[in-house]
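1. sequence? don't have it. structure:
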């Protein structure tokens with residue numbers, strides 16, 4: 001099994017790492033969209049976070065990673081009731097993938113050889129309770145992205161075709177990455193992602209040197225490098241698990257709700273998805289920081305992640321969306 005680069009050893013890219021952590025705490029955020037230069041650690045961060053998280057218990061032979069036998073779907077015909085432990089899954093979704101490959105379809109081999117009508121699970125089944133990663137999401141066909149976002153929001157995959165009527169849990173964190181120079185996502189799809197991050201190559205010489213030093217050390221002796229970062233990894237893991245436990249108990253005052261609404265109105269965000277995402281992200285951050293309630297500092301911190309990709313384009317404003325959010329946050333929250 002390939003050793004993953006430690007999440008805590010990633011140099012810089014603090015906003016990207018924070019977005020990943022928040023989705024690990026609160027999967028209902030709706031995934032992360034990471035746009036930026038090639039070679040900035042986008043895919044590394046996804047795999048590193050999944051490797052950092054504790055392994056998940058699954059029923060042996062269950063195609064959807066069910067935690068106990070009662071949750072295994074009937075169509076899976078799982079015969080074992082033994083529970084084993086597996087790493088948190090990270091499933092790559094390739095460009096050019098068909099809808100059948102994503103959602104699952106009729107098992108043609110069994111139909112032809114045995115005359116049985118059986119369901120062959122797709123990538124969504126394998127990604128259940130884990131991460132589904134799409135590199136160059138802006139080049140993926142729109143109807144596939146629509147499908148993925150719908151399933152990620154509902155937490156269930158439903159297949160009704162070829163005489164099949166199948167459904168199974170599909171709860172995963174959707175992470176999309178891409179280079180904006182190769183094409184943009186439609187605004188309707190942008191809005192469906194919970195958080196967004198723009199990453200750039202570091203310009204500080206010392207930071208670039210440290211990136212090279214750590215990556216070279218990892219490539220030469222991965223096990224020793226991972227061992228050196230075990231304490232930092234354990235600290236982040238413990239904080240994520242503790243935040244999951246206190247998330248629902250983290251208080252959200254009416255004043256915080258008003259701040260969310262006023263920010264979104266001031267930015268001209270359509271619909272109410274912005275407020276809900278901002279609220280959930282701020283609550284997850286508060287839980288991660290072991291705070292009892294959501295404060296304006298939490299809202300300030302996560303507002304660029306939750307709102308930057310929801311802005312309408314202003315031809316008279318040449319500043320980036322993150323800068324516009326920062327200005328509005330300063331005006332509304334002080």
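-> Happy to help now that I have it. Since the structure is predicted, the reported quantities are computational estimates derived from the model, not experimental observations.
2. use CA for all of it now, contacts and neighbours both
-> OK.
3. Name the spans of the protein whose pLDDT lies under the cut-off.
-> Scanning the chain for pLDDT under 70 picks out 1, 108-112, 114-117, 162, 188, 312-320.
4. could you redo the last one with a cut-off of 50?
-> Residues of the chain meeting the criterion pLDDT under 50: 315-319.
5. Tell me where it has helices.
-> Secondary structure of the chain by DSSP state H: the helices cover 14-25, 42-52, 99-103, 108-113, 123-127, 142-154, 187-192, 205-220, 222-228, 230-246, 254-267, 273-288, 296-307, 321-333.
6. Packing partners of the last one?
-> When you say that, I think you mean helix 321-333. Helix 321-333 sits against helix 254-267, helix 296-307, with contacts defined as 3 or more CA pairs under 8 Å, 6 or more residues apart in numbering; DSSP states H and E.
7. Please enumerate residues in contact with that helix?
-> Under the contact criterion CA atoms under 8 Å, 6 or more residues apart in numbering, helix 321-333 has outside partners 259, 262-263, 266-267, 296, 300, 303-304, 307-309, 311.
8. got the domain boundaries for this structure?
-> Residue ranges for the domains of the chain, per automatic domain parsing: 15-199, 251-333.
9. With adjacent residues omitted, what lies nearest to residue 126?
-> Across the structure, with CA to CA, 6 or more residues apart in numbering as the measure, the residue nearest residue 126 apart from its sequence neighbours is residue 64 (5.7 Å).
10. Touching, that neighbour and residue 169? I think so.
-> Yes: look at residue 64 against residue 169 with CA atoms under 8 Å: they come within range, at 7.2 Å.
11. more crowded one of the two?
-> residue 64 (25 against 22; other CA atoms under 10 Å).
12. ok, the more buried one to residue 246 distance?
-> Counting by CA to CA, to the nearest Å, the gap between residue 64 and residue 246 amounts to 27 Å.
13. Kindly report the same for residue 292.
-> Residue 292 sits at a distance of 9 Å from residue 246 (criterion: CA to CA).
14. In terms of packing, which of those two has more residues around it?
-> Shown here are residue 292 and residue 246; by other CA under 10 Å, residue 246 has more neighbours (19 against 15).
15. For the closest residue to that one other than its chain neighbours, give me its contacts.
-> The spatially closest residue to residue 246, leaving aside those adjacent along the chain, is residue 287, at 6.2 Å (CA to CA, 6+ apart). For residue 287, the contacting residues are 242-244, 246-247, 250, by CA under 8 Å, 6+ apart.
16. ok, so of these, who is nearest residue 164?
-> Distance to residue 164 across the contacts of residue 287 (CA to CA) is lowest for residue 244, with 36.6 Å.
17. which ones are touching the closest one?
-> Under the criterion of CA under 8 Å, 6+ apart, the contact list for residue 244 reads 25-26, 287.
18. Now do it against residue 87, distance only.
-> When CA to CA is the yardstick, residue 244 and residue 87 sit 18 Å from each other.
19. picking that back up, same list (the helices and strands packed on helix 321-333) but as a markdown table, adding distance to residue 134.
-> Formatted as a markdown table, the entries for the helices and strands packed on helix 321-333 read as follows, by distance: least, CA to CA, whole Å:
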| stretch | distance to residue 134 |
| --- | --- |
| helix 254-267 | 28 |
| helix 296-307 | 19 |
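20. Right, I'll leave it there.
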